[in-house]
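Enquirer: mind looking at a prediction? Sequence and model below.
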Amino acid sequence: MKVRRLILLTLVFSLICGSAVYADSISQKVRVWVNSKEVDDGGIIVDGKAYISVRSVSDKLQALLSWDDSSKKVIIYKPNVHMITMQDGSLFGNVPKGKFKFNVFSQIDNLKVDISAFKVTISDPYGDETYIDGRDSSNNEFPEAGKEDFWFKSKEISYNFDSVGKYTVRFWIKPAGESSFQVVSEKVIKR
């Protein structure tokens, strides 16, 4: 009786381990890099084809991602968004310690999707984010539907650059029909 039980257990463990080794040989995990930044989820190779997370790649490319459920397709749009930081009409990229008043000027073009809102934020070196300015579709200064390019100058903000490091200004867009904002451009200010 003990011999049968031992043979049966050995057979079961052999099948389980063999299946795990076979499954591992079918799919392999791979590291994915986009613009010198590693994608968090990475990807897998199955039958010689690489599969990666569309959300992770679009986030790294700072592109807009949407899902069309009726046609079952993923749509990625990469608008051109350029930002400059200005104080009293002068451009800057480095700041001294302390309070600093500035505006963010943004040029948006090649926008191939309707949007319902956009905003500009700044994050300190520790990741704490502050809202600078933005618009939504109910605002009379919001670009009309279908407009592919527009300019936006934020209100003047007084911000305290008290920590040494990189401060990141981000331009966010919310596509029409979506519930969340997506980052489409970043600019670094150093202190």
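Expert: Yes, it's here.

Enquirer: only C-alpha atoms from now on, for both contacts and neighbour counts.
Expert: OK.

Enquirer: contacts only, for the residue nearest to V46 when sequence neighbours are not counted.
Expert: Sequence neighbours aside, S27 is the residue nearest to V46 in space, at 4.6 Å (criterion: Cα to Cα, 6 or more residues apart in numbering). Contacts of S27 were listed using Cα atoms under 8 Å, 6 or more residues apart in numbering, and they are 44-47.

Enquirer: who wins on neighbours among those?
Expert: Using other Cα atoms under 10 Å as the neighbour criterion, I44 leads these with 19 neighbours.

Enquirer: mind checking what secondary structure the nearest residue to that one once chain neighbours are set aside has?
Expert: Using Cα to Cα, 6+ apart and skipping the chain neighbours, the partner closest in space to I44 is K29 (4.3 Å). Classification of K29 using DSSP: H, G, I helix; E, B strand; the rest coil returns strand.

Enquirer: give the burial count for K29, as a bare number.
Expert: K29 has 14 nearby residues by other Cα under 10 Å.

Enquirer: OK, contacts around it?
Expert: Taking Cα under 8 Å, 6+ apart as the criterion, K29 is in contact with 42-45.

Enquirer: just those residues: which are in helices?
Expert: Secondary structure defined by DSSP state H assigns none of the contacts of K29 to helices.

Enquirer: can I get those in CSV with pLDDT and distance to S53?
Expert: Below are the contacts of K29 laid out as CSV (pLDDT from 0 to 100; distance: Cα to Cα, whole Å):
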residue, pLDDT, distance to S53
G42, 80, 7
G43, 87, 7
I44, 87, 10
I45, 87, 12
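
Enquirer: quick check, nearest of those residues to Q87?
Expert: The nearest member of these to Q87, counting by Cα to Cα, is G42 at 40.8 Å.

Enquirer: now do the contacts for that closest one.
Expert: When contacts are counted by Cα under 8 Å, 6+ apart, G42 touches 29-32, 52-53.

Enquirer: select only the buried ones of these in PyMOL?
Expert: Selection of buried members from the contacts of G42 for PyMOL, criterion 16 or more other Cα atoms under 10 Å:
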select buried, resi 32+52
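
Enquirer: centre-most residue in the chain?
Expert: Against the mean C-alpha coordinate of the chain, by Cα atoms, centre = their mean, the closest residue is D59 at 2.7 Å.

Enquirer: show me where this protein dips below the pLDDT cut-off.
Expert: For the chain, residues meeting the criterion pLDDT under 70 lie at 1-26.
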